[in-house]
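*Asks:* sequence-free structure coming up:
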């Protein structure tokens, strides 16, 4: 299998895995949480809710693994580990679960992308978004004025927080509306509950790993006569350190980002030759190469259970190389004169810095809540990583870099 065929294979494999992951995610996207039964009893477990597909029901898996489908007639509410709470409000959407963002003298609900305020008399007041026609007719400020007017009326008095809102920057969002209500309740010293994110904006894990890298080169623009290149050492051990950013707010839970830094070194002798009608040229270059790499990848968990996750990712690798040459010679054999000319000069150069796309396939096993062991395969295509100059014959070479590593995240 040549290099180009390998690249096409891995790209096709990645697309297939991601497609399968999105198709299977609908059935496997459980999140830890709890339900409140009609009796008031709280039951812990995992919840799968698809509001766009089935806003009136959830799939609940208890701690014993029993799965059941529940509706608004079976439970009062359910809450997720993230801090969100969902319940039925018949005045907004009978028979559907909607989000309960803020509970106080003034409460805040959300259904799909629409927000609703409830005053202390139980009256529901919708906050509307501008329609496409209103946006087209530059009537966004009219809608914004209406929404701020509703909020200002509900919070009127000395604690009215809308007086300090910059009209130009006001937008309907979870954070904006919760902050307004929080300021109002704090000013009036009223009790309130925020059913919003309880966790930090992201989770940072540290990574320590070791592995091997394997390199294979091929001529980027084949020219006759063919210029062959071989090396005595195309693989070397590599150590990795880095961070993993997961559970990122506003990003799908199955996605996470890796930033790694690695170091490797190897000693190698590169041999190259070409032959035409007039001459046969041989080159030998012995050197020590140190490589500093910074792989970064956006990953997607496409298969997971409570312990084992399988993920794939796309990203890039920045590389910085230093080389220390022991010797570099060229042996030019002139056929017509039966003459061999041996010269000591540089004929093989390695690019000091490169940036290349990469593909990753990984498996992660959870040991404890914050301790994991993983193994990964990273493949990267480096464009014109090396070049050869024999004066009358020049060539550039692409590289397929494969990294195999095993490590821990904590």
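*Replies:* Structure received. Quantities reported herein were computed from a predicted structural model and do not represent experimental measurements.
*Asks:* where does the stretch 201-350 of the chain dip in pLDDT?
*Replies:* For the stretch 201-350 of the chain, the stretches with pLDDT under 70 are 222-228, 231-233.
*Asks:* show me where it has strands.
*Replies:* 203-219, 228-231, 235-246, 255-275, 279-304, 308-334, 339-344, 348-350 (DSSP state E, counting those that start in this stretch).
*Asks:* in a markdown table: these, plus mean neighbour count and distance to residue 94.
*Replies:* Every residue, glycine included, has its C-beta placed from N, CA and C. Below are the strands of the stretch 201-350 of the chain laid out as a markdown table (neighbours: other C-beta atoms under 10 Å; distance: least, C-beta to C-beta, whole Å):
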| stretch | mean neighbour count | distance to residue 94 |
| --- | --- | --- |
| strand 203-219 | 16 | 38 |
| strand 228-231 | 15 | 72 |
| strand 235-246 | 17 | 37 |
| strand 255-275 | 18 | 35 |
| strand 279-304 | 18 | 35 |
| strand 308-334 | 16 | 39 |
| strand 339-344 | 10 | 87 |
| strand 348-350 | 18 | 69 |
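*Asks:* in TSV, list those strands along with distance to residue 401.
*Replies:* Output for the strands of the stretch 201-350 of the chain, formatted as TSV (distance: least, C-beta to C-beta, whole Å):
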stretch	distance to residue 401
strand 203-219	6
strand 228-231	14
strand 235-246	10
strand 255-275	11
strand 279-304	9
strand 308-334	7
strand 339-344	30
strand 348-350	13
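*Asks:* of those, which is nearest residue 197?
*Replies:* Each of the strands of the stretch 201-350 of the chain has some distance to residue 197 by C-beta to C-beta; the shortest is strand 203-219, at 12.2 Å.
*Asks:* which strands or helices does the closest one pack on?
*Replies:* strand 228-231, strand 235-246, strand 255-275, strand 372-389, strand 394-409 (3 or more C-beta pairs under 8 Å, 6 or more residues apart in numbering; DSSP states H and E).
*Asks:* follow-up on the earlier one: select, out of the strands of the stretch 201-350 of the chain, the one closest to residue 172.
*Replies:* Going by C-beta to C-beta, the one of these nearest residue 172 is strand 255-275, 25.4 Å.
*Asks:* by how many degrees do the closest one and strand 308-334 diverge?
*Replies:* 20 degrees (axes from the mean of the first three to the mean of the last three C-alpha atoms, to 10 degrees).
*Asks:* by contact count, what packs against strand 255-275?
*Replies:* strand 203-219, strand 228-231, strand 235-246, strand 279-304, strand 308-334.
*Asks:* make it 6 Å
*Replies:* strand 228-231, strand 235-246, strand 279-304 (3 or more C-beta pairs under 6 Å, 6 or more residues apart in numbering; DSSP states H and E).
*Asks:* which secondary structure elements does the second one sit against?
*Replies:* Spelled out, that is strand 235-246. Going by 3+ C-beta pairs under 6 Å, 6+ apart, strand 235-246 lies up against strand 203-219, strand 255-275.
*Asks:* from the chain's centroid, how far away is it?
*Replies:* How far strand 235-246 lies from its chain's middle: 16 Å, per C-alpha atoms, centre = their mean, to the nearest Å.
*Asks:* with respect to residue 78, which of the strands of the stretch 201-350 of the chain lies nearest?
*Replies:* strand 279-304 (21.4 Å).
*Asks:* can you tell which of the helices and strands packed on strand 203-219 is closest to residue 338?
*Replies:* Comparing the helices and strands packed on strand 203-219 by C-beta to C-beta, strand 255-275 comes nearest, at 14.8 Å.
*Asks:* spatially central residue in this protein, please.
*Replies:* residue 298 (3.0 Å; C-alpha atoms, centre = their mean).
*Asks:* what are the bridge partners for that one, then?
*Replies:* residue 257, residue 314 (DSSP bridges).
*Asks:* circling back: closest to residue 154 out of the strands of the stretch 201-350 of the chain?
*Replies:* strand 203-219 (36.3 Å).
*Asks:* let me see the domain layout of this structure.
*Replies:* 23-194, 200-409 (automatic domain parsing).
*Asks:* where does the nearest residue to residue 176 once chain neighbours are set aside land on pLDDT?
*Replies:* For residue 176, ignoring the flanking residues on the chain, the nearest one in space by C-beta to C-beta, 6 or more residues apart in numbering is residue 170 at 7.1 Å. pLDDT recorded at residue 170 is 90.
*Asks:* now swap in the one 3 residues further on and tell me
*Replies:* Listed pLDDT for residue 173 reads 92.
*Asks:* tell me how many other residues crowd it.
*Replies:* Per other C-beta atoms under 10 Å, the neighbour tally for residue 173 reads 11.
*Asks:* also the one 10 residues further on?
*Replies:* Counted with other C-beta under 10 Å, the burial measure for residue 183 works out to 16 neighbours.
*Asks:* so who does it touch?
*Replies:* residue 161 (C-beta atoms under 6 Å, 6 or more residues apart in numbering).
*Asks:* hmm, back to that, so which of the strands of the stretch 201-350 of the chain is nearest residue 112?
*Replies:* strand 255-275 (22.2 Å).
*Asks:* and the gap between residue 305 and residue 365?
*Replies:* 11 Å (C-beta to C-beta, to the nearest Å).
*Asks:* cool, residue 208 as well?
*Replies:* On the measure of C-beta to C-beta, residue 208 and residue 365 end up 15 Å apart.
*Asks:* brilliant, that's me finished.
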